[in-house]
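# How does the following fold in three dimensions:
(one chain, ligands or ions: 1)
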Amino acid sequence: MLIGIDDTDSPAGMCTTYLGAVLVRKLEGAGVGVTETRLVRLNPNAPHKTRGNAAVCIRAEGDPETAFSIAEALVDDLADLSCENTNPGLVVAGEAPPPQFYWQAVRDFCTVSEAREVLDEVGALARGWKNCRGLIGATAAIASVLPDRTYELLAYRSADRFGTPRRVERASVFAAEAATWPHTWDSVDRKNRVVVCVPHTPDPVLYGIRGESPTWVKAAGGRIISEGAALAQIWVTNQGTDAHLVPGTIGALLDGRSYGVEATVAERATTGEGGHVEIAVRDDDEILRCMAYEPTKGFRDVVRALVPGDRVVVCGSYKHGSLNLEKIQIRETAEDVRYRPPLCPDCGKRMTSAGREKGYKCRRCGARAAEPEPVVSQRVIGPGWYEVPSTARRHLSKPLVRGEPGLREDEFD
Ligand code: ATP
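Predicted coordinates for the structure are as follows:
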């Protein structure tokens with residue numbers, strides 16, 4: 001059977017994966033054998049997410065009614081039901097619903113009634129609390145398929161420490177990544193010297209190590225020196241797989257979806273207030289504004305180094321009329337040409353503009369010229385993929401260390 005759970009946490013605490021890890025122990029204690037623990041991230045633009053839009057699916061062997069009542073009691077006990085935005089969902093099904101619902105939840109938006117329809121089709125046991133929104137994530141979790149997968153070792157704190165500062169030895173996290181990269185990633189951001197895998201929110205997570213296999217995440221976790229973890233669980237996940245990205249065309253992008261878009265740089269980037277960088281790309285006459293926000297740090301220099309005519313693929317979520325960049329491919333570079341007033345052919349002094357579309361004029365001798373002088377600079381960037389740093393990476397974004405993104409139209413099997 002498949003047990004799906006979502007929406008048990010609030011900004012004040014809890015985490016659906018923690019509840020899942022506790023449930024695994026309770027099920028095993030009741031003689032229900034757990035065969036897989038799965039963590040899926042859903043549409044990063046879902047409006048009601050608390051943090052990372054996670055949902056869990058536990059695959060187990062045993063009596064569904066027993067599993068359901070154990071899980072139901074645990075949600076009642078642990079979910080932060082006092083928070084208006086916490087609306088848990090619990091489902092138990094003997095078979096997985098069609099994966100189409102999962103892809104819709106990762107790439108698009110779903111409703112509770114759509115989830116209920118899917119659950120009815122497979123005769124699932126289901127309970128939604130309050131407005132029942134968590135049934136969407138819980139249903140997507142049991143419908144999920146992982147054509148590409150990664151693993152995360154999540155270590156959880158003991159309950160008496162929830163909300164207090166975490167004690168994790170910083171140097172040990174850098175050492176753990178150094179010893180296991182590229183088989184694990186995003187524990188630290190080496191460039192920006194930041195520990196990434198230890199959250200600062202009041203939830204039960206002590207740290208999370210992401211990697212390509214259970215063996216590698218365990219190897220990294222074994223090197224971390226920290227306060228004692230009360231629980232640890234290895235989850236198989238869709239994190240770091242780009243499951244949210246589909247090919248897109250400028251002019252036909254839908255708000256809240258995530259895309260990879262082929263385009264040509266239309267204008268040089270500008271840096272706005274707060275250090276946010278904006279660049280316009282185009283496809284024929286259609287223009288798309290792309291953003292690299294301040295937290296993307298050095299990635300903004302890549303965007304600033306683009307020049308009109310560069311052929312690119314821009315990847316990220318389309319929200320409120322702009323694409324928030326997660327990574328970018330430079331396919332072909334154009335010549336970096338800027339124009340300045342020419343030197344006066346008669347006296348050699350640099351001319352000045354004679355007005356809009358009026359050419360240039362020499363202030364010393366009055367000579368006139370029509371054309372500016374092109375100045376070609378050497379490019380500081382070449383073809384290839386470029387990504388935001390680990391500190392700014394979204395859960396679903398595939399790190400380049402895992403290979404190039406494969407943009408797929410549909411994967412409904
Ligand atoms: P948690 O640890 O509790 O899972 P979270 O940050 O992952 O926290 P949730 O609290 O689960 O976020 O909030 C996300 C809510 O949005 C859930 O109720 C989930 O069912 C719903 N949801 C997820 N994906 C979609 C989607 N594509 N369309 C509509 N609703 C969605």
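
# just for this structure, where's the confidence low?
By pLDDT under 70, the low-scoring segments of the chain are 408-413.

# How much space separates residue 225 from residue 252?
Distance of residue 225 to residue 252, computed by Cβ to Cβ, to the nearest Å: 51 Å. All C-beta atoms are positioned from the backbone trio N, CA, C, and that covers glycine.

# So for these two, which residue has more residues nearby?
residue 225 (13 against 10; other Cβ atoms under 10 Å).

# I'd say that one and residue 169 touch.
Yes: using Cβ atoms under 8 Å, residue 225 makes contact with residue 169 at a distance of 4.0 Å.

# host element of the residue nearest to residue 206 when sequence neighbours are not counted?
Nearest residue to residue 206 in three dimensions, chain neighbours excluded: residue 155, at 4.4 Å (Cβ to Cβ, 6 or more residues apart in numbering). Using DSSP states H and E, residue 155 falls within strand 150-156.

# Mind checking what helix or strand follows that strand in sequence?
helix 170-180.

# contacts for the helix or strand that that following helix is followed by?
Following helix 170-180 in sequence order, the next helix or strand is strand 184-185 (DSSP H and E). Under the criterion Cβ atoms under 8 Å, 6 or more residues apart in numbering, residues 176-177, 209-212, 216-217, 219-220, 240, 390, 399, 401-402 lie in contact with strand 184-185.

# swap in stretch 347-355?
Outside stretch 347-355, the residues that reach it (Cβ under 8 Å, 6+ apart) are 340-344, 360-365, 367-369.

# hmm, back to that, count of residues packed around the residue nearest to residue 206?
Residue 155, neighbours per other Cβ under 10 Å, totals 24.

# measure it to residue 218 for me?
Counting by Cβ to Cβ, the separation of residue 155 from residue 218 is 11 Å.

# Tell me which residues touch the residue in the stretch 201-350 of the chain positioned nearest to the ligand, please.
Residue nearest to the ligand within the stretch 201-350 of the chain (Cβ to the nearest ligand atom): residue 203, separated by 7.7 Å. Listed by Cβ under 8 Å, 6+ apart, the contact set of residue 203 reads 9, 13-15, 18, 51, 162.

# Quote the end-to-end distance of stretch 220-239.
18 Å (Cα to Cα, to the nearest Å).

# and what of stretch 271-278?
Span of stretch 271-278 from end to end, Cα to Cα: 6 Å.

# Show me which positions of that stretch end up buried.
Using 16 or more other Cβ atoms under 10 Å as the test for burial, stretch 271-278 gives 277-278.

# Residues in contact with it: which ones?
Against stretch 271-278 from outside (Cβ under 8 Å, 6+ apart): 269-270, 289-294, 300, 303-304, 322.

# Which of these are buried? Put it as a ChimeraX command.
Per 16+ other Cβ under 10 Å, the buried members of the contacts of stretch 271-278 correspond to this ChimeraX selection:
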select :269,290,291,292,293,300,303,304,322
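
# Now, the contacts of stretch 271-278 that are in strands?
Members of these lying in strands (criterion: DSSP state E): 270, 289-292, 322.

# Just put these in TSV and tack on distance to residue 133.
TSV is the format used below for those (distance: Cβ to Cβ, whole Å):
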residue	distance to residue 133
270	39
289	31
290	31
291	28
292	32
322	27
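
# Give me every residue in the chain lying close to the ligand.
Residues of the chain lying close to the ligand (Cβ under 6 Å from any ligand atom) are 6-9, 15-16, 42-43, 46, 48-55, 87, 105, 109-110, 133-134, 136-137.

# circling back: give me the buried entries from the contacts of residue 203.
Here, 16+ other Cβ under 10 Å leaves 9, 13-15, 18 buried among the contacts of residue 203.

# Turn these into a markdown table, columns for secondary structure.
A markdown table is the format used below for the buried ones among the contacts of residue 203 (DSSP: H, G, I helix; E, B strand; the rest coil):
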| residue | secondary structure |
| --- | --- |
| 9 | coil |
| 13 | strand |
| 14 | coil |
| 15 | coil |
| 18 | helix |
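
# what's the first-to-last distance across stretch 170-190?
12 Å.

# Strands of the stretch 251-400 of the chain, start to end?
258-265, 270-271, 277-283, 286-292, 311-319, 322-332, 336-340, 352-353, 360-361, 368-369, 373-377, 384-387 (DSSP state E, counting those that start in this stretch).

# again with the stretch 1-150 of the chain
Here the stretch 1-150 of the chain has its strands, by DSSP E, counting those that start in this stretch, at 2-6, 33-41, 54-61, 89-93, 125-128, 150-156.

# Closest to the ligand out of the buried ones among the contacts of residue 203?
Here the nearest of the buried ones among the contacts of residue 203 to the ligand, counting by Cβ to the nearest ligand atom, is residue 9; it sits at 3.6 Å.

# Which neighbouring residues are in contact with the closest one, exactly?
For residue 9, the contact set (Cβ under 8 Å, 6+ apart) comprises 15-16, 50-51, 79-80, 86, 203.

# So which bits of stretch 239-252 are buried?
239-246, 248, 250.

# nope, stretch 54-70 is what I meant
The neighbour-count check on stretch 54-70 (16+ other Cβ under 10 Å) flags 54-60, 62, 64, 67-68, 70 as buried.

# part of a helix, is residue 407?
No: assignment of residue 407 by three-state DSSP gives coil, placing it outside any helix.

# My read is that residue 52 contacts residue 396, right?
No: using Cβ under 8 Å, residue 52 is not in contact with residue 396; the gap is 9.1 Å.

# Between these two, which is the more surrounded one?
Higher neighbour count among residue 52 and residue 396: residue 396, with 26 against 17, using other Cβ under 10 Å.

# With that, I have no additional questions.
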